[in-house]
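Asker: Build me a model:
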Amino acid sequence: MKVTVDVDCTPEEARRFLGLPDLTPVHVAYVEKMQKMMADAITPDVMAETMKAWGPMSEAGLGLWKQMVDQMSGKT
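Answerer: Numbering: from 1, shown residues only. As a prediction, this is how the structure comes out:
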């Protein structure tokens, strides 16, 4: 036996029905903090360094890839 039930409700109504907490204030505080950080402290240099650190291979890994591509293309 298979039963299908369609529920038409908003995400807010579903959250309340399931008893999940309202995290809107936390989300608002987080977004405000991120906006303040972006406006106050982040410069292009800081962003570039952050992206290098977040990269899966960082600077050394990118150098290794560049060397490998150069060798395959005959630029050694």
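
Asker: Break this protein into its domains for me.
Answerer: 8-41, 44-76 (automatic domain parsing).

Asker: Indicate which one of these is closest to K2.
Answerer: domain 8-41 (20.3 Å; Cβ to Cβ). Just so you know, the C-beta spots here come from the backbone N, C-alpha and C atoms, and that holds for glycine as well.

Asker: Quick check: which ranges of the chain have low pLDDT?
Answerer: Residue ranges of the chain with pLDDT under 70: 41-42, 47, 50-51, 53-62, 75-76.

Asker: And the helices in it?
Answerer: 11-18, 24-40, 44-54, 58-73 (DSSP state H).

Asker: neighbours around D8, how many?
Answerer: Using other Cβ atoms under 10 Å, D8 is surrounded by 5 other residues.

Asker: Ok, G63 next?
Answerer: So G63, with other Cβ under 10 Å, has 11 neighbours.

Asker: any idea how far it is from K33?
Answerer: 35 Å (Cβ to Cβ, to the nearest Å).

Asker: before we move on, back to that, kindly reformat the domains of the chain as JSON lines and extend each row with distance to M1.
Answerer: Listed next are the domains of the chain as JSON lines, based on distance: least, Cβ to Cβ, whole Å:
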{"stretch": "domain 8-41", "distance to M1": "24"}
{"stretch": "domain 44-76", "distance to M1": "49"}
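
Asker: So which of the helices of the chain is nearest T4?
Answerer: helix 11-18 (17.3 Å).

Asker: returning to that earlier point: now the helices of the chain as TSV including distance to V5?
Answerer: Putting the helices of the chain into TSV (distance: least, Cβ to Cβ, whole Å) gives the following:
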stretch	distance to V5
helix 11-18	13
helix 24-40	28
helix 44-54	43
helix 58-73	50
